[in-house]
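S.K.: 3D, please:
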Amino acid sequence: MKQTSKELAYRIEQFKEGLKKVGVKLTYQRLEVFREIAQSEDHPDAETIWKGVRQRVPTVSLDTVYRTLWLLIDLGLVETLGCVHERVRFDANQRSHHHFVCRRCGKICDFYSEEFDRLSIPDSVRGLGNVERMRVEISGICVQCSEKEKSEQGIDS
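M.R.: Here you go, the predicted structure:
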């Protein structure tokens, strides 16, 4: 699913400002890699990002995409998501949000919750270090996988 043009423009502006703030040059490849992540709500992995960027920049290499992604992670402009045993997934949404992860298909969906945003950090966590961000990740079975399972079992919705 694509972002609205307003949200995409906001994310790209934040990206440009983030690069400028730390003195990193904005290149066409960096912009296109970021755009590929920012316009998606699917939290794409590196290969998916590479395939999308290649449609606009046919000469971009997978190595360039990976190097760009690790740079953007180091700069705090994108984040990795999901289990370390799976493909690394990337997220350019820097607004306060949380994730629903489907245990069957691996789909990751953003959701927004003021209730979760107001959760206090437990003292036991504070003792581990300085908390910079908190996100809630909820796992379960997405609607599509639930419907597929029901249809395979012959159960009416």
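
S.K.: could you use CA atoms for every contact and neighbour count after this?
M.R.: Will do.

S.K.: residue contacts, the residue nearest the centre of the chain?
M.R.: Residue closest to the average C-alpha location in the chain (Cα atoms, centre = their mean): Asp91, at 1.7 Å. Contact analysis of Asp91 by Cα atoms under 8 Å, 6 or more residues apart in numbering lists 37-38, 43-44, 78-81.

S.K.: which helices and strands sit right next to the worst-scoring helix or strand of the chain on mean pLDDT?
M.R.: Of all helical and strand segments in the chain, the minimum by mean pLDDT, DSSP states H and E falls on strand 79-81, at a mean of 82. Judged by 3 or more Cα pairs under 8 Å, 6 or more residues apart in numbering; DSSP states H and E, the packing partners of strand 79-81 are strand 89-91.

S.K.: so Cys109: helix, strand or coil?
M.R.: For Cys109, the secondary-structure state derived from DSSP: H, G, I helix; E, B strand; the rest coil is strand.

S.K.: hmm, back to that, from Gln153, how far out is the residue nearest to the centre of the chain?
M.R.: Remark: distance between Asp91 and Gln153 (Cα to Cα, to the nearest Å) = 35 Å.

S.K.: ok, now Ile49?
M.R.: Between Ile49 and Gln153 the distance is 35 Å, computed by Cα to Cα.
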